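model this:
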Amino acid sequence: SFFKWLTRRRGWKHNPLLDVQLPKQEKKLPVVLTVSQIGQMLDLPLKTPKDKQAPAWAPERDAAILELFYSTGMRLGELTSLNVEDIDTISECVRVLGKGRKERLCPVGSHALTALQRYRAKAGVHDGALFRSKVGRRITRQAIGQVVEKYWRMSGLPVHVTPHKLRHSFATHLLNNGADLRAV
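The predicted model follows:
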């Protein structure tokens with residue numbers, strides 16, 4: 001950049017760095033979980049005793065959060081902003097408002113739909129925010145991160161699991177099973 005500036009502003013005739021080939025930084029593939037590791041983590045919320053301060057429906061909510069993450073591959077912010085009316089159980093899709101306020105439809109797997117129905121029935125969630133905190137407000141990004149962190153710690157998996165790793169795992173498993181790269 002400095003030599004470009006010298007040639008443009010200070011009248012240098014030749015930029016000596018034009019002939020230098022800079023090394024390319026190696027791009028690393030994201031770390032993903034195996035299907036069995038995902039299954040191990042998705043089973044935990046309903047098999048683990050509930051925290052004393054948590055509402056009775058907290059395990060169902062946590063199971064629905066993990067299932068929906070893995071079933072749709074949506075971003076953390078997209079999951080927190082979901083409303084009950086965004087879930088279409090008939091067409092098995094969820095309407096997601098993504099980056100740039102672009103709306104898209106994501107297919108949802110049967111396990112995630114079942115987990116959502118169990119959570120909504122037990123928590124009495126009929127309208128407004130889909131996922132709620134114990135005081136009834138929309139759940140925050142940090143709270144969802146804590147849910148994922150909690151079950152990762154319980155699982156004992158060697159790979160640190162984050163919401164974004166669940167997203168990468170979703171995409172990788174789709175590709176491994178023959179999905180089109182552009183569609184994913």
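
isn't R120 right up against T89?
No - between R120 and T89 there is no contact, the gap being 10.0 Å when judged by Cβ atoms under 8 Å. For glycine as for every other residue, the C-beta is placed from the backbone atoms N, C-alpha and C.

quick one: which of these two has more around it?
Ranked by neighbour count (other Cβ atoms under 10 Å), R120 and T89 place R120 first, with 19 against 12.

how about that one, what does it touch?
Each residue near R120 by Cβ atoms under 8 Å, 6 or more residues apart in numbering is listed here: V84, H126.

Please report how far it lies from L82.
R120 is 12 Å from L82, where distance means Cβ to Cβ, to the nearest Å.

Likewise for T162?
The spacing between T162 and L82, counted by Cβ to Cβ, is 19 Å.

The two: which has the busier surroundings?
It is L82, of T162 and L82, that has more neighbours when counted by other Cβ under 10 Å, with 22 against 15.

The residue nearest to the more buried one when sequence neighbours are not counted and R120, how far apart?
Closest residue to L82 apart from its sequence neighbours, by Cβ to Cβ, 6 or more residues apart in numbering: L130 at 4.3 Å. Applying Cβ to Cβ, the value for L130 to R120 is 8 Å.

what's the answer for C106, then?
Noted for C106: a distance of 18 Å to R120, by Cβ to Cβ.

Likewise for Q53?
22 Å.

cool, G136 as well?
Distance of G136 to R120, given as Cβ to Cβ: 14 Å.

Same check on E92?
15 Å.

Same question for N177.
29 Å.

got it, and F170?
22 Å.

Do a quick rundown of the strands in the chain.
Using DSSP state E, the strands of the chain run over 87-88, 93-97, 103-107.

in its sheet, what does the shortest one sit against?
Paired neighbours of strand 87-88 in the sheet (DSSP bridges): strand 93-97 (antiparallel).
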